[in-house]
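>>> quick one: sequence plus predicted model below, questions after.
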Amino acid sequence: MLKILRNFINSPTSGGIILFICVVVSLVLANSPLGASFERLLNTSLGFETETVHLKYSVALWINDGLMAIFFLLVGLEIKRELVSGELSTPRQALLPILCAFGGAVVPAGIYLLVNQGTETVSGWGIPMATDIAFALAVVAMLGKRVPVSLKIFLAALAIVDDLIAILVIAIFYSAELHTVYLLYALAILVLLVIFNRIGVKSLAFYLIPGLFIWYFIHHSGIHATIAGVVTAMTIPLAIKGKGEPPLLKLEHALTTPVNYLIVPLFALANTNIRFEDGMLEGLASPLGIGIILGLLLGKPVGIFLMTKLAIVLRIGSMPQGASWTQIVGIGLLAGIGFTMSIFIALLSFSDNLLIAEAKFSILIASLLSGVIGYILLNRVATPLKDNS
């Protein structure tokens, strides 16, 4: 039994399987007699607060802003490793996912604005811009060796930049109030971590403990707190003198299992509790529903494909090693899995409960279609094309 469990955990598809089970369980719970109890559980407050320290939040917020910051810390570690010594270590390689992220954000937003121009739902233009890293990478993991490692790294880097764009959009266009003092506090601590890196401090405690304060200050600044995980990861040393495992690799190895088998599944369980309501189905044919579905399902792959083509033609970027143009389209489709960040922006965009319900349902449908079509397309590409020009 232990051997079976160990083999399952070591399988590249097991994380994705658990993730999708949690999605189904969450949807079933939300639409069952237990739905109200489940919602109350997610809204239960945990933590403490004083006149100066505020750390009392709902279970859902602790998962989305707290635990997911650890997920972003792990992704940030992986990205830094690839930037320093891997697939993204040259400007030509790193530039491509950055350009594609912008293309994959601007085109969907443009499609949404075009469809919703002059309507009350035009303010939701940021909804189809985001990519859900957890779900997109889970689908890629389920494909195993059918997808080149370089393409997985490309998607991870693209999704990180994509989420950073979404976070900036939220901060600039959807935040009620931005507290710059807290941002300055976070920046001061970040500078301290950079100094630790420069002088050769390799103990993880000197990075992770201040990282908690960075999370606190960024959270209170009005910007999504998960960005703290990324910026903290970028300061952790990868190269050290002498023997021993680099701090970055040590932390990456320590975080992989709990993130894949605890944090991400909890995240899915808490955020897929969409209760199906009257008007949701009709909402798919409204400008709101059409804008979201076309933005995620069509805008994402088109924007990513066009920017990839432009970068290759202008010779300012290079194709991921071993990848084909068909696989680029497939990755673009997986980037159309908007889900959590899209739902978050939808909540900020509208105050009408019916519009929020229609937006959630449209995001769910678009993300499901993007994931399924992207998986089928990538699974059918047995041999990558050699000609990437």
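Alright, I've got the coordinates. Numbering: from 1, shown residues only.
>>> only C-alpha atoms for contact and neighbour calcs from this point on.
Fine.
>>> quick one: the strands in the stretch 51-200 of the chain, in order.
Secondary structure of the stretch 51-200 of the chain (DSSP state E, counting those that start in this stretch): strands at 54-58.
>>> okay, buried residues for stretch 207-223 please.
207-208, 210-223 (16 or more other Cα atoms under 10 Å).
>>> before we move on, what about stretch 348-364?
Within stretch 348-364, the residues that count as buried by 16+ other Cα under 10 Å are 348-350, 355-364.
>>> which residues touch that stretch?
121, 123-124, 174, 274, 276-277, 279-281, 283-284, 288-289, 292-293, 338-339, 342-343, 346-347 (Cα atoms under 8 Å, 6 or more residues apart in numbering).
>>> likewise for stretch 116-124?
By Cα under 8 Å, 6+ apart, stretch 116-124 touches 112-113, 287-288, 291, 345-346, 349-350.
>>> okay, buried residues for it please.
Buried, per 16+ other Cα under 10 Å, within stretch 116-124: 116, 121-124.
>>> now do stretch 165-185
Those would be 165-167, 169-171, 174-175, 182-183, 185, for stretch 165-185 by 16+ other Cα under 10 Å.
>>> including distance to S26 and pLDDT, could the residues you listed go into JSON lines?
Listed next are the buried residues of stretch 165-185 as JSON lines, based on distance: Cα to Cα, whole Å; pLDDT from 0 to 100:
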{"residue": "I165", "distance to S26": "28", "pLDDT": "85"}
{"residue": "A166", "distance to S26": "25", "pLDDT": "79"}
{"residue": "I167", "distance to S26": "26", "pLDDT": "71"}
{"residue": "V169", "distance to S26": "28", "pLDDT": "84"}
{"residue": "I170", "distance to S26": "26", "pLDDT": "76"}
{"residue": "A171", "distance to S26": "29", "pLDDT": "69"}
{"residue": "Y174", "distance to S26": "27", "pLDDT": "77"}
{"residue": "S175", "distance to S26": "28", "pLDDT": "66"}
{"residue": "Y182", "distance to S26": "35", "pLDDT": "93"}
{"residue": "L183", "distance to S26": "35", "pLDDT": "91"}
{"residue": "Y185", "distance to S26": "37", "pLDDT": "96"}
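>>> of these, closest to A254?
Nearest to A254 among the buried residues of stretch 165-185 is I167, at 27.1 Å by Cα to Cα.
>>> gap between the closest one and F344?
Applying Cα to Cα, to the nearest Å, the value for I167 to F344 is 11 Å.
>>> residue ranges with poor pLDDT in the stretch 51-200 of the chain?
87, 171, 175-176 (pLDDT under 70).
>>> apply 90 and report the result again.
51-54, 60-61, 64-65, 68-69, 71-72, 74-76, 78-98, 130-154, 156-180 (pLDDT under 90).
>>> for the stretch 251-389 of the chain, same thing?
If you take pLDDT under 90 as the line, the stretch 251-389 of the chain has these spans: 256-257, 259-265, 267-283, 315-323, 338-348, 351-358, 360-361, 364, 380-389.
>>> so which residues of the stretch 151-300 of the chain form helices?
Assigned by DSSP state H, counting those that start in this stretch, the stretch 151-300 of the chain shows helices spanning 180-198, 205-221, 227-233, 247-258, 264-271, 280-283, 287-294, 300-313.
>>> redo those as TSV? Include distance to E82.
Formatted as TSV, the helices of the stretch 151-300 of the chain follow (distance: least, Cα to Cα, whole Å):
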stretch	distance to E82
helix 180-198	18
helix 205-221	20
helix 227-233	13
helix 247-258	12
helix 264-271	22
helix 280-283	42
helix 287-294	32
helix 300-313	19
